[in-house]
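Peer 1: Here is my input; please provide its structure:
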Amino acid sequence: LAVTGEWPWKSTVATGDWGGLRNKLGNMGIVLTSTSTTDLATVVSGGQRQGFIMPYLIDTNLSLDTQKMGLWAGGQVFIDFQQAGSTQLGSKYLPDFWGWDAIYPYTQNFTQLAQYWYMHSFAEGALKLKFGKIDANTDFAVTYPGLQFINSAAYFPGGMVVDLPTYPNQAGGAE
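Peer 2: This next block holds a predicted model:
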């Protein structure tokens, strides 16, 4: 059976346009986004132990465009909330140098205000200044083709030796 043509739904987001509210807020410079990623891994035979784990990450963020909000040109405010957990510790079943899964930090479940920063663009975006609690790898280390993968070996570049503050331990700073 082959499916051709367009999908039956037209929205690019799972919850639709909220009766026009999402589009109206976006035009005003207010964008709310949320994603949920769940991974299921199991060791059926071999290894140190058999069993399964199911890590998850819920990531909700709010982005405010100061120009669209009628305040000043070039400003962006970003707030990011994260909750991660798992049924068990992944390293217990799947030891791996890179960490086999980029969504779970292997130590404990957590809920955190992961990022909150202000960025200002100068010279038509040629120069940007960002300060606050930042995930530095977002701008300096992540390879964009790797974003399609949960496995962290594909996500982080192999030659990266600088320990930048990144998920799950973002930190205050300026870029």
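
Peer 1: what are the ranges of the strands in this protein?
Peer 2: Along the chain, the stretches classed as strands by DSSP state E are 30-38, 41-43, 51-53, 56-65, 75-85, 110-122, 127-134, 171-174.

Peer 1: The second one pairs with which strands, and in what direction?
Peer 2: Strand 41-43 sits in its sheet next to strand 51-53 (antiparallel), going by DSSP bridges.

Peer 1: List the buried residues in the strand it pairs with.
Peer 2: Along strand 51-53, these residues count as buried under the neighbour rule (16 or more other C-beta atoms under 10 Å): residue 53. Bear in mind the C-beta positions are built from the backbone N, C-alpha and C, glycine included.

Peer 1: Over to stretch 57-67?
Peer 2: Neighbour-count burial for stretch 57-67 flags 57-59, 61, 64-66 (criterion: 16+ other C-beta under 10 Å).

Peer 1: Now tell me what touches that stretch from outside.
Peer 2: The set of residues external to stretch 57-67 that reach it, using C-beta atoms under 8 Å, 6 or more residues apart in numbering, is 29-37, 72-84, 103-104, 114-115.

Peer 1: follow-up on the earlier one: any chance of the strands of the chain in JSON lines with distance to residue 20 and mean pLDDT as columns?
Peer 2: Listed next are the strands of the chain as JSON lines, based on distance: least, C-beta to C-beta, whole Å; pLDDT from 0 to 100:
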{"stretch": "strand 30-38", "distance to residue 20": "14", "mean pLDDT": "90"}
{"stretch": "strand 41-43", "distance to residue 20": "41", "mean pLDDT": "74"}
{"stretch": "strand 51-53", "distance to residue 20": "41", "mean pLDDT": "75"}
{"stretch": "strand 56-65", "distance to residue 20": "19", "mean pLDDT": "94"}
{"stretch": "strand 75-85", "distance to residue 20": "24", "mean pLDDT": "95"}
{"stretch": "strand 110-122", "distance to residue 20": "29", "mean pLDDT": "95"}
{"stretch": "strand 127-134", "distance to residue 20": "32", "mean pLDDT": "96"}
{"stretch": "strand 171-174", "distance to residue 20": "38", "mean pLDDT": "92"}
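
Peer 1: Including distance to residue 17, could these go into CSV?
Peer 2: Compiled in CSV, these are given as follows (distance: least, C-beta to C-beta, whole Å):
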stretch, distance to residue 17
strand 30-38, 12
strand 41-43, 35
strand 51-53, 36
strand 56-65, 17
strand 75-85, 22
strand 110-122, 26
strand 127-134, 30
strand 171-174, 36
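
Peer 1: Give me the residues contacting the lengthiest helix in the chain.
Peer 2: In the chain, ranked by residue count with DSSP state H as the criterion, the top helix is helix 21-27. The set of residues external to helix 21-27 that reach it, using C-beta under 8 Å, 6+ apart, is 13, 15-17, 31-32, 68.
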